[in-house]
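Asker: mind folding the following:
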Amino acid sequence: MQQKEEKDIYLDTFTKFSRAHTSVMNYLSGPPALPAEMTLTQFGVLEVLLHKGPLTHREIAAKILKSRGNLTMVIDHLERDGFVERRPVAGDRRSMRVALTPAGEERIKTVFPLQAGAIRSAFGNLSVQEVTILGHLCRKLGLNLVDQKEEGEKPCTTSGGAL
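Answerer: Reported below is the predicted structural model:
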């Protein structure tokens, strides 16, 4: 009986985690957190370029956890709208570095405070201590999975059984 109860707590927690993630992302995906014409991925690209400077597609994808294929279309649209520009990487004809334009920098500096405020609001029913604990637990969970993937481990099971 204990094995079933243990599995249920993992599944229950996963369901709650997934629903919370979806709720937060939906909350942050539009007004007032973001202008109606901006996606979260576009925001992510502009934000990482603001804080890290010009980056290659691969570097941006790694920073915002998106595939390079999806990112190409997002960067195409940001370039079309005049928010970013692609610059050749010296010594590598295949690589391009993406950089903010002055219009892109102005745009992200306007939108970033709105998004930061919305994030604070999304976590508003949690105390600072609870947010700190949640951040610690999420980091611990994420790093464990990265370590498992790098070591080629199979997913963790409980009491010898699969979830």
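Asker: which ones are touching the nearest residue to Val89 once chain neighbours are set aside?
Answerer: Among residues not flanking Val89 along the chain, Ser95 sits closest, at 4.0 Å (CB to CB, 6 or more residues apart in numbering). In short, each C-beta sits where N, CA and C put it, glycine included. By CB atoms under 8 Å, 6 or more residues apart in numbering, the residues touching Ser95 are 56, 88-89.
Asker: drop anything exposed from these.
Answerer: With neighbours counted by 16 or more other CB atoms under 10 Å, the contacts of Ser95 contain buried members at Thr56.
Asker: now the contacts of Ser95 in CSV, with distance to Ile9, pLDDT and secondary structure?
Answerer: What follows is those, written out as CSV (distance: CB to CB, whole Å; pLDDT from 0 to 100; DSSP: H, G, I helix; E, B strand; the rest coil):
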residue, distance to Ile9, pLDDT, secondary structure
Thr56, 42, 93, strand
Pro88, 53, 90, strand
Val89, 49, 87, strand
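Asker: out of the contacts of Ser95, who's nearest Ile108?
Answerer: Using CB to CB, Thr56 comes nearest to Ile108 of the contacts of Ser95, at 18.7 Å.
Asker: what ranges do the helices span in this protein?
Answerer: Ranges of helices in the chain, per DSSP state H, are 2-28, 40-52, 57-64, 68-80, 102-122, 128-151.
Asker: tell me who's in contact with the residue positioned nearest the centre of the chain.
Answerer: When CA atoms, centre = their mean is applied to the chain, the residue found nearest the centroid is Ile64 (4.8 Å). Each residue near Ile64 by CB under 8 Å, 6+ apart is listed here: 41, 44-45, 48, 71.
Asker: which of these lies closest to Glu79?
Answerer: Val45 (10.5 Å).
Asker: the closest one - how many residues pack around it?
Answerer: Neighbours of Val45 under the rule other CB atoms under 10 Å: 29.
Asker: contacting residues for it?
Answerer: With CB under 8 Å, 6+ apart, Val45 has these contacts: 60, 64, 71, 74-75, 78, 84, 98.
Asker: of these, which pair is most distant in space?
Answerer: Among these, Ile64 and Val84 lie farthest apart (CB to CB), at 13.5 Å.
Asker: mind saving the C-alpha coords of the strand ranked longest in the chain as PDB?
Answerer: Using DSSP state E, we find that the single longest strand of the chain is strand 92-100. Extracted as PDB, the C-alpha positions of strand 92-100 are listed here (Å, rounded to 0.1, in the frame of the first residue of the first chain):
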ATOM      1  CA  ASP A  92      32.900  31.700 -39.000                       C
ATOM      2  CA  ARG A  93      30.900  32.200 -42.200                       C
ATOM      3  CA  ARG A  94      28.000  30.000 -41.000                       C
ATOM      4  CA  SER A  95      27.400  31.800 -37.700                       C
ATOM      5  CA  MET A  96      25.500  35.000 -37.100                       C
ATOM      6  CA  ARG A  97      25.400  37.000 -33.900                       C
ATOM      7  CA  VAL A  98      22.000  38.600 -33.000                       C
ATOM      8  CA  ALA A  99      22.100  42.000 -31.400                       C
ATOM      9  CA  LEU A 100      19.500  44.500 -30.200                       C
END
